[in-house]
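Peer 1: structure of the sequence below:
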Amino acid sequence: MTRLDRHAICVGLLIFCILADSQSYRTKKGICKRCSCEKLNAGPNQTLRLDCSRLEANDVEDLLGYGEDEGHGGAWTLPYEASQDYRIIKIILDANSINHLRRLPPLKEEFPNATRESETGSTVNVTPESVNSTGFDIHGNSTASPSPPSDDFTMLIEVSFRANHVKRIDPGAFAALSNTICSIDLANNDLTYDALPGSVFGGDFSNQRYEPLPNLKKLNLARNMLHSLDAKIFEHISFTLEELNLQWNSLGNSLDTVTEAALSTLTKLKTLNLADVGISSFPEGLAHALISLENLRLDGNKLAVVPTSLSMASSSLLYLNLNRNPITKINATSFVESVHGSAWSKLETLDISAMQELTYVLKGSFENLKGLRTLRCAYNQKLMHFDEEAFRLMGDDEMEWERWKGFQLKEVNTIM
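Peer 2: I've put the predicted structure just below:
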């Protein structure tokens, strides 16, 4: 049997173990014999988690179509049950020492001949006779013809390549999964500025957009070696990306112009993680550009004050994390309203904990945060004074209980 034949037959056996009809099936054959499958949740968004991490080097090459037949490997095969029952397929390829990430194989909906064994020990032989004309395995299912997925059913793919020491990614590495990929996790690798040009996230040709990955919502680039971002890094995904993680990349005291330009293209971004990147400010232009931003993590940086740029943001934040910054005091100007309106009106959760230099929380500090529900101000070792009128300045004729008038607070944590 050639390497190509072995790849075509074994990849499906390795990756897609089926969970159907309340029974768990596994294949007797496979390349690594170490992968595992897990049904994560029920309901309309069922997820099938496929753990192919920590494989042998030869197994990884076969799985990704590398080696002597590079570029000619077979597709990742998707059995009928998975395409019918699971909204999300999560493929975990962590800790496999994939230094160079080439183009991923495409998916196809068929299940090759194999022998399956249920948890009860009964053996099911999957033969051509037990596969219908579409190539889908129907052995052991009801005699009724399987119905195709409904029009509103879209199966999505999540891929994870964490902790692989990836240093290089080929252009269009994810293009074969253009219409299905929704999440890419590249955290804890060795990626640099040069390794991430815009072409890396290019997809298939489209009349509407420039080679898009139209369903990509999440991108994790945390814990890499990025000091800056290519201005065009998001050119194929700027109109879809909703969550970006850049934590633990040394981006410098302030974001450089190309990094700011790259991030400013993400008009659909809802969650941005810039924790532990070393910045001491947040660019005003970026605050204006991120018109959909709801969740912002700036913890573990060098901010000496709450960035005034956030008060002029185009969007209203729901969550802000400022933990572990050298802010010395919070006062009435920390969350000031701008002349264009309040960017703070919808803020629900504020984290200002573990600040080694925070000493004072003064009168009127949170007066503009009318939507605040949760305040976490804990483990600030130098905090000497938390003013009783931090939320609202009290009139002489007002009662104590009116201190919270107009607020929706559910939780205030001020553990010292």
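
Peer 1: which residue ranges make up each domain of the protein?
Peer 2: Domain assignment for the chain by automatic domain parsing gives 3-313, 314-416.

Peer 1: least confident of the ones you listed, on average?
Peer 2: Mean pLDDT values for those show the minimum at domain 3-313, a mean of 76.

Peer 1: surely D185 touches A163?
Peer 2: No. If you go by CB atoms under 8 Å, D185 and A163 don't touch, sitting 10.2 Å apart. All C-beta spots, glycine's among them, are computed from the backbone N, C-alpha and C.

Peer 1: who has more neighbours, the two?
Peer 2: Under the neighbour definition other CB atoms under 10 Å, D185 and A163 were set side by side, and D185 has more, 21 against 17.

Peer 1: burial measure for the closest residue to M384 other than its chain neighbours, as a count.
Peer 2: With CB to CB, 6 or more residues apart in numbering as the criterion, M384 has its nearest non-adjacent residue at 5.4 Å, and that residue is T359. Counted with other CB under 10 Å, residues neighbouring T359 total 15.

Peer 1: touching, T359 and N331? I think so.
Peer 2: No. Look at T359 against N331 with CB under 8 Å: they stay out of range, at 11.3 Å.

Peer 1: can you pull the contacts of V60?
Peer 2: 66, 93, 96-98 (CB atoms under 8 Å, 6 or more residues apart in numbering).

Peer 1: among those residues, the buried ones, what's the ChimeraX command?
Peer 2: A single ChimeraX command is used to select the members of these judged buried by 16 or more other CB atoms under 10 Å:
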select :66,93,96,98
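
Peer 1: redo the contacts of V60 as TSV? Include distance to A222 and secondary structure.
Peer 2: What follows is the contacts of V60, written out as TSV (distance: CB to CB, whole Å; DSSP: H, G, I helix; E, B strand; the rest coil):
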residue	distance to A222	secondary structure
Y66	26	coil
L93	17	coil
N96	18	coil
S97	19	coil
I98	17	coil
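
Peer 1: distance to I181 added to the contacts of V60, as a markdown table?
Peer 2: Formatted as a markdown table, the contacts of V60 follow (distance: CB to CB, whole Å):
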| residue | distance to I181 |
| --- | --- |
| Y66 | 19 |
| L93 | 13 |
| N96 | 18 |
| S97 | 23 |
| I98 | 17 |
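
Peer 1: any chance of the backbone angles for A287?
Peer 2: The phi/psi pair for A287 (degrees, to the nearest 10) reads phi -60, psi -40.

Peer 1: hang on, it packs against A313?
Peer 2: Yes. Here A287 reaches A313: they are 4.2 Å apart, a contact under CB under 8 Å.

Peer 1: and stretch 166-177, what's buried?
Peer 2: 166-169, 172-177.

Peer 1: hey, C-alpha coordinates of it in PDB?
Peer 2: The C-alpha trace of stretch 166-177 is given here as PDB (Å, rounded to 0.1, in the frame of the first residue of the first chain):
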ATOM      1  CA  VAL A 166       5.200  27.000  14.600                       C
ATOM      2  CA  LYS A 167       7.500  29.500  12.900                       C
ATOM      3  CA  ARG A 168       6.200  29.600   9.400                       C
ATOM      4  CA  ILE A 169       2.700  29.400   7.900                       C
ATOM      5  CA  ASP A 170       2.100  29.000   4.100                       C
ATOM      6  CA  PRO A 171      -0.100  31.500   2.300                       C
ATOM      7  CA  GLY A 172      -3.700  30.100   2.100                       C
ATOM      8  CA  ALA A 173      -3.000  27.600   4.800                       C
ATOM      9  CA  PHE A 174      -6.700  27.400   5.800                       C
ATOM     10  CA  ALA A 175      -8.100  28.000   2.300                       C
ATOM     11  CA  ALA A 176      -9.300  24.400   1.900                       C
ATOM     12  CA  LEU A 177     -11.600  25.000   4.900                       C
END
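
Peer 1: still on that earlier bit, which among the contacts of V60 gets closest to A378?
Peer 2: L93 (37.9 Å; CB to CB).

Peer 1: state the distance from the closest one to E388.
Peer 2: 54 Å (CB to CB, to the nearest Å).

Peer 1: would you convert the buried residues of stretch 166-177 into TSV that also reports secondary structure?
Peer 2: Listed next are the buried residues of stretch 166-177 as TSV, based on DSSP: H, G, I helix; E, B strand; the rest coil:
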residue	secondary structure
V166	coil
K167	coil
R168	strand
I169	strand
G172	coil
A173	coil
F174	coil
A175	helix
A176	helix
L177	helix
